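# any chance you could fold what I've pasted below:
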Amino acid sequence: MFGRRDAALLLIAAAGVPLQQITSLQRRNLTCDGETLVVDTGRYRYRLDPTTSDPALTPAAVYRRWTQVLAFTDRHPSTRTLAAQLTRGHLPDTADDQTCDGLVFTSIDRWGYLPLPPQPLTAGSIAAIVRQHLTGTAPSHTLPPRRPRPAPAAADLAPPPEPPPLSDEYYDRGTAARRDALTATADVGDVLDDVEARADALLEQTLAMIENWQLPDAISTTEKSFLAHLFLPEDGSKHVPTPHAASRTGG
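The predicted model follows:
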């Protein structure tokens, strides 16, 4: 997978296409004219003619091998399934299919997965990949080893039930669901920011109300008589009751 992408990347970079324009290339911008690859960046048109008699090394053949991977991962985002298909050599040729579009060169993680949604390689990443291949320091990529499974017990030797058949649209629906989920949650951050801002505003209003709250200045004659009856003894001397005394009086 990495080899097919890097081969197409080196081919187009060697043709003189600026790295910044390579980052934004879409599949519709590249067409195969026989064994010649035509790259249309919108500003310039590059024609990459074969320089070898080996049909497997022509510019069109190199590009087709990479578009086969892109088309397969569009429908089946599984590295192990892709590895099995690459081993069997059963990938379809979609280089001339105008309905297949998208970024030509995307990043690939260490496990061979392409990002969803696809993210373009930056000009700096392309320059680093080209430099690694020119200096012979390109990293090797292998599938992670499978963990050994324990030997099944005697009771587990019965054949498993047949899995239900999957429709041809199974992977399409799954990919569409992931895209819809990403779209549906795109504004979650903005909603949470708005909730936080409203909560802060309510807190500020509450604090302002507490700071501005005061006891009423005017007390009615009835309230004064009631307070005098509670807190002044019968001899008329002033006495401020303790909290416990006030509690008993009130009871």
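# setting aside sequence neighbours, what's the nearest residue to Gly16?
For Gly16, ignoring the flanking residues on the chain, the nearest one in space by Cβ to Cβ, 6 or more residues apart in numbering is Tyr46 at 6.9 Å. In this view, the C-beta of every residue, glycine as well, is placed from N, C-alpha and C.
# residues near the one you found, how many?
Look at Tyr46: counted by other Cβ atoms under 10 Å, it has 16 neighbours.
# so it belongs to a strand, correct?
Yes. Residue state for Tyr46 (DSSP: H, G, I helix; E, B strand; the rest coil) corresponds to a strand.
# mind listing the helices for the protein?
Taking DSSP state H as the criterion, the chain contains helices spanning 2-14, 19-23, 59-75, 79-88, 123-135, 170-184, 188-212, 221-231, 243-250.
# tell me what the shortest one is packed against?
Spelled out, it's helix 19-23. Helices and strands touching helix 19-23, by 3 or more Cβ pairs under 8 Å, 6 or more residues apart in numbering; DSSP states H and E, are helix 2-14, helix 123-135.
# may I have the phi/psi pair for Pro115?
Backbone torsions for Pro115, taken as degrees, to the nearest 10, come to phi -70, psi 150.
# over to the one 4 residues further on?
For Gln119, the backbone dihedrals are phi -120, psi 130 (criterion: degrees, to the nearest 10).
# so who does the residue lying closest to Asp109 once chain neighbours are set aside touch?
Ranked by Cβ to Cβ, 6+ apart and with sequence neighbours excluded, the top spatial neighbour of Asp109 is Pro115, at 7.6 Å. Residues in contact with Pro115, defined by Cβ atoms under 8 Å, 6 or more residues apart in numbering, are Thr106, Ser107, Asp109.
# check the burial of Phe2 by counting its neighbours.
When counting by other Cβ under 10 Å, one arrives at 14 neighbours for Phe2.
# that one contacts Ile108, doesn't it?
Yes. Because the distance of 6.3 Å satisfies Cβ atoms under 8 Å, Phe2 is recorded as touching Ile108.
# list the contacts of the spatially most central residue of the chain.
Computing the C-alpha centroid of the chain and ranking residues by Cα atoms, centre = their mean puts Leu116 first, at 6.1 Å. For Leu116, the set of contacting residues under the criterion of Cβ under 8 Å, 6+ apart consists of Pro77, Thr175, Arg178, Arg179, Leu182.
# buried only: go through these for me.
Burial of the contacts of Leu116 was assessed by neighbour count (16 or more other Cβ atoms under 10 Å); the buried members are Pro77, Thr175.
# make JSON lines from the contacts of Leu116 and add distance to Pro139 and pLDDT to it.
Compiled in JSON lines, the contacts of Leu116 are given as follows (distance: Cβ to Cβ, whole Å; pLDDT from 0 to 100):
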{"residue": "Pro77", "distance to Pro139": "23", "pLDDT": "71"}
{"residue": "Thr175", "distance to Pro139": "29", "pLDDT": "84"}
{"residue": "Arg178", "distance to Pro139": "29", "pLDDT": "85"}
{"residue": "Arg179", "distance to Pro139": "31", "pLDDT": "85"}
{"residue": "Leu182", "distance to Pro139": "30", "pLDDT": "83"}
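# what's the most distant pair in the contacts of Leu116?
In the contacts of Leu116, the most distant members under the criterion Cβ to Cβ are Pro77 and Leu182, with 13.8 Å between them.
# all set now, cheers.
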